[in-house]
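1. Structure, please.
(2 chains)
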Amino acid sequence: MPLVTLPREKTTPRFTAAVLLLSLFAGLCAVGIVFLTYGINPFYAIYEIFRSSFGSAFGFKETLTKAVPLIFIGSGLALAYKAKFWNIGAESQLLWGAIFATWIGLNWGPHLPGPVIIPLMFLGGFIGGAMWGIIPAIFKVKFGINEVISTLMLNYIAAEFVKYLVVGPWKGATKYGYPYTDDLPDHAILKLVHHTRISIPLLIFSVVVALILCFVVYRTRFGYEVRVIGENSEAGKYAGIDFFKTTVLMMAISGGVAGLAGVGELTTIHKHLSYPETISAGYGFTAIIVAWLGRLNPAFSILSGLFFAGIIVGGDAIQMSMGLPASTVNVFNGLILVFLIMGDFLLSHRVVYKRRVN
Amino acid sequence: MLDIITSILIRTIIAGTPLLLGTLGEVVTERAGILNLGIEGMMSVGAVTGFIVTFTTGNPWLGMIAAIIAGALISLIHAFVTISLRANQVVSGLALTMLGLGLSGLWGKSYIGRPLQAKMAPIAIPGLSKIPVVGEILFYHDAYVYLSVILGLIVWFLLKYTKIGITVRSVGENPKAAETLGINVTLVKYACVMVGGAFAGMAGAHLSTAYSKSWIEGMTSGRGWIVIALTIFALWEPSKAFLGAYVFGGIFVIQYVLQPLGISPNLLAMLPYLTTLGVLLSYGMSSKGKRKMSAPATLGEPYIRGSR
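-> Coordinates of the predicted model:
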């Protein structure tokens, strides 16, 4: 074979960026082919996606709104994936954030002023998400249970539990026939920018959290331990890293920030707990690609979160205008992720043309 | 009472069939050292393909064949990315699930709410189906049920007693040694991933053309993930896959049996997932070593030719 691959020693940031862009482009081309088989002009469809998410003031506001949960979750997943802990359970960690925040908001909200209740809800949401994140961490380190399976099973369990709450014990007294809890008190709702669903403090909060996590990963001893566990667990054991402690703490943070995303959705958009598919538009899964596109650097999740928020908004837009099913966004996500990991090959290998020597 | 038990057992076997098919495929794939988490996506593609072909041709057998081919073809993505490009198997599997769910939703959209004219009908095994109770439970099923049992026996026999089985296992346990013996490791891995895809596709078609006769988005509803858990539960052995699949089939059925007792349907719907966690937990607590020993040694690791 004339083409041979050799391991690549190191890559420059510019080369990495070029490969990422190439992967995204190739992924979009593949999406285009899928559109084509569906009888839709791919150029028009992809143009429409980006026009409606980044090309109009209204669309861009929606993009920012949806970027917030993706930045929270994506940066938390980046942390977990650094340790090669495949947390697929952000969807349910988000839900537990929303559950805890709902409980706090409905029970304590009437007695406490806004500046107290809102931080309390975020704190509670963090704890809720962290609690749900710790379970698979303990399962993995203590009992060797594959975290992909446990986090996924916990997703289904949490989703059913939320449904149970909103049609059962937490069903709102004022919500006749609907699967909702009562609305949170007005002062427990974040102030939104006029005619949008954006809360500026929440947006800033998500960016700050991502930056803090970036600092934690690259500048602290804990972050170093997380990376060692991911890169070479044998060396980690040798160096005396406490696997249990590091994994549990890491998953508490990863789950906790997903919980913050849940509180964010609750206190800006929904104002009450309702069906899980209403509370989260699959953010927990989309954030997997957000983290991956950000090369597992929590700070880069800000940019990739914005990009995928745009894909969601644009996907929704063409779904409505072209009569496509809701799963169109999944095609995007799946294909882009496939091409991203294919691009990783170029980052770690050199492909050289070699003339056969006879 | 006997009627109820009979009906539960019949439905258990039917509900266990897609799980059995999926698990058999994943066992073969993982035995060759490749972890494919894309079952849910491959099953969805199989379900929609099986449905569309059955709907258009009116022949559920053609639907089954099409689903098998579709499952194998879509698994090629995972094979190429993880074997040829040595990409991370976890991420690739997740990508395959997203892609499969997305594509099936796209392809199936215009078929939602349109029932099949002819679904895969139950076949009474002559003679045996006349046995009281047992005949009803075991010998009056659709073709998928019988085929899953026959295929299970074939996979079990091939893996355990034949050269093909030794080849597959050696590729998963020690690819370097296998290559020294002249085995084309890449080829075997590709083949095993595609066998896994074919089984998952068939499992999906069972859902849309025999178990029910309609297509709805997300109809695999987590079965693909339970298959992955069942593969661990079965300790990568086809014989134990039978047990696991029917136990979990039973759990799927039990939720509907218990519902009239006034227990919240949402809490009952947690049962399969809670049980999965419970089973894995009991494994983890009891025999850590045993489970580790039987996992294919290089599962999840990319193989680099001529390395080490």
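
2. got the residues of the stretch 101-250 of chain A near chain B?
-> Within the stretch 101-250 of chain A, the positions near chain B by CB under 8 Å from any CB of the partner chain are A:139, A:142-146, A:148-150, A:152-154, A:156-157, A:160-161, A:163-164, A:167-168. Backbone N, C-alpha and C define where each C-beta goes, glycine included.

3. In the lengthiest helix in chain B, which residues are buried?
-> Longest helix in chain B by number of residues (criterion: DSSP state H): helix B:2-31. Neighbour counts using 16 or more other CB atoms under 10 Å in any protein chain shown place B:8-31 of helix B:2-31 among the buried residues.

4. before we move on, the earlier item: in helices, which of the residues of the stretch 101-250 of chain A next to chain B appear?
-> A:139, A:142-143, A:148-150, A:152-154, A:156-157, A:160-161, A:163-164, A:167.

5. tell me which of the residues you listed is nearest to chain B?
-> Ranked by distance to chain B (CB to the nearest CB), those are led by residue A:143 at 2.7 Å.

6. Run through the residues that contact that closest one.
-> With contact set as CB atoms under 8 Å, 6 or more residues apart in numbering or on different chains, residue A:143 has these partners: B:280-281, B:283-285, B:288.

7. Give me the contacts around stretch A:102-111.
-> The contact list for stretch A:102-111 (CB under 8 Å, 6+ apart) reads A:117, A:120-121, A:124, A:170, A:181-182, A:184-185, A:187-188, A:266-267, A:272-273.

8. and the contacts of residue A:143 near chain A, which?
-> Within the contacts of residue A:143, those near chain A by CB under 8 Å from any CB are B:280-281, B:283-285, B:288.

9. Now intersect those with the helices, please.
-> Going by DSSP H, the helices hold B:280-281, B:283-285, B:288 from the ones next to chain A among the contacts of residue A:143.

10. For PyMOL, write the selection for the buried entries among the residues you listed.
-> To isolate the buried members of those in PyMOL, using 16+ other CB under 10 Å:
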select buried, chain B and resi 280+283+284
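
11. For the ones in helices among the ones next to chain A among the contacts of residue A:143, please prepare a markdown table with the additional fields pLDDT.
-> Formatted as a markdown table, those follow (pLDDT from 0 to 100):
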| residue | pLDDT |
| --- | --- |
| B:280 | 87 |
| B:281 | 89 |
| B:283 | 83 |
| B:284 | 82 |
| B:285 | 82 |
| B:288 | 57 |
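
12. ok, of the ones in helices among the ones next to chain A among the contacts of residue A:143, which one's closest to residue B:35?
-> residue B:280 (15.6 Å; CB to CB).

13. could you pull out the strands for chain A?
-> A:3-7, A:349-353 (DSSP state E).

14. Same question for the stretch 101-250 of chain B.
-> B:123-124, B:140-141 (DSSP state E, counting those that start in this stretch).

15. tell me what the first one is packed against?
-> Spelled out, it's strand B:123-124. Judged by 3 or more CB pairs under 8 Å, 6 or more residues apart in numbering or on different chains; DSSP states H and E, strand B:123-124 is in contact with strand B:140-141.

16. Packing partners of the strand it packs on?
-> So strand B:140-141, by 3+ CB pairs under 8 Å, 6+ apart, packs with helix B:2-31, strand B:123-124.

17. quick one, which of the ones you listed is nearest to residue B:146?
-> strand B:123-124 (7.4 Å).

18. okay but residue A:141 is in contact with residue A:247, surely?
-> Yes. If you go by CB atoms under 8 Å, residue A:141 and residue A:247 touch, sitting 5.1 Å apart.

19. which residues in chain A form helices?
-> Going by DSSP H, chain A shows helices at A:13-37, A:42-54, A:57-82, A:90-108, A:114-143, A:147-167, A:200-219, A:221-231, A:233-238, A:243-265, A:276-279, A:283-293, A:300-322, A:328-348.

20. what angle sits between the second one and helix A:328-348?
-> Between the axes of helix A:42-54 and helix A:328-348, defined by axes from the mean of the first three to the mean of the last three CA atoms, to 10 degrees, the angle is 100 degrees.

21. One more: the fourth one?
-> Relative orientation of helix A:90-108 and helix A:328-348, computed by the same axes, to 10 degrees: 120 degrees.

22. which parts of helix A:90-108 are buried?
-> Within helix A:90-108, the residues that count as buried by 16+ other CB under 10 Å are A:90-106, A:108.

23. Next: the shortest one.
-> By 16+ other CB under 10 Å, the buried positions in helix A:276-279 come out as A:276, A:278-279.

24. okay, these in JSON lines with distance to chain B and pLDDT next?
-> Listed next are the buried residues of helix A:276-279 as JSON lines, based on distance: CB to the nearest CB, whole Å; pLDDT from 0 to 100:
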{"residue": "A:276", "distance to chain B": "11", "pLDDT": "93"}
{"residue": "A:278", "distance to chain B": "15", "pLDDT": "91"}
{"residue": "A:279", "distance to chain B": "15", "pLDDT": "92"}
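
25. rank the helices of chain A by pLDDT, which is bottom?
-> Per-stretch mean pLDDT for those is lowest at helix A:233-238 (a mean of 79).

26. Can you list the buried residues in that one?
-> Within helix A:233-238, the residues scored as buried using 16+ other CB under 10 Å are residue A:236.

27. Also stretch B:64-78?
-> B:64-75, B:77-78.

28. How about residues contacting that stretch?
-> A:338, B:34, B:36, B:38, B:41-43, B:45-47, B:49-50, B:52-53, B:89, B:92-93, B:96, B:99-100, B:103, B:120, B:143-144, B:190, B:193-202, B:204-205, B:209.

29. Kind regards, and thank you for your time.
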